[in-house]
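Student: Need a 3D model of the following:
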Amino acid sequence: MTTPNPALVAAAPVLLNVISELQTFFTTVLTGDPTQIAMRFDGASKVLLGSIELQLPPLATAEIGVVQSDINAKLASWKTSLTALATTPPAA
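Tutor: Coordinates of the predicted model:
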């Protein structure tokens, strides 16, 4: 099995919440009298958009953590490589 993308792993809880909000949206719009769907759609879509917008800060926090970890790992790798070069005596 391949290693999952760290960004996707970090975003998974937020994506699960968005899927739940989509399920709630469709349940709200499609449950009840079919002639009332158009009237329920406006309110349900506003709730859906608001719910998705509330997921953006946790998503950004999770993704920033992944990016920071990746940057720190890359910088540590460069530092190790450069330290090895600096301590190696020049070839004669």
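Student: From here on, just use CA atoms for contacts and neighbour counts.
Tutor: Noted.
Student: Low-confidence ranges, the protein, go.
Tutor: Scanning the chain for pLDDT under 70 picks out 1, 92.
Student: Which residue ranges of it form helices?
Tutor: All helices of the chain, identified by DSSP state H, fall at 6-30, 37-54, 56-87.
Student: How far does the shortest one sit from its chain's centre?
Tutor: Relative to its chain's centre, helix 37-54 lies at 22 Å (CA atoms, centre = their mean, to the nearest Å).
Student: which residue packs closest to Ile52, ignoring adjacent ones?
Tutor: The shortest distance from Ile52 to any non-neighbouring residue, by CA to CA, 6 or more residues apart in numbering, is to Val18 (6.2 Å).
Student: do the same with Leu30
Tutor: Nearest to Leu30 is Ile37, by CA to CA, 6+ apart, at 6.4 Å.
Student: Spatially central, which residue of the protein would that be?
Tutor: Ala11 (2.8 Å; CA atoms, centre = their mean).
Student: Would you check that that one makes contact with Gly65?
Tutor: No: counting by CA atoms under 8 Å, Ala11 sits too far from Gly65 to count as a contact (10.8 Å).
Student: just to revisit the earlier point, wait, the residue nearest to Leu30 sits on Phe26?
Tutor: No: using CA under 8 Å, Ile37 is not in contact with Phe26; the gap is 10.2 Å.
Student: shared neighbours, these two?
Tutor: Common contacts of Ile37 and Phe26 (CA atoms under 8 Å, 6 or more residues apart in numbering): none found.
Student: Which residues are in contact with Ala86?
Tutor: Here Ala86 is in contact with no residue (CA under 8 Å, 6+ apart).
Student: distance of it from Leu75?
Tutor: In this view, Ala86 and Leu75 are 16 Å apart by CA to CA, to the nearest Å.
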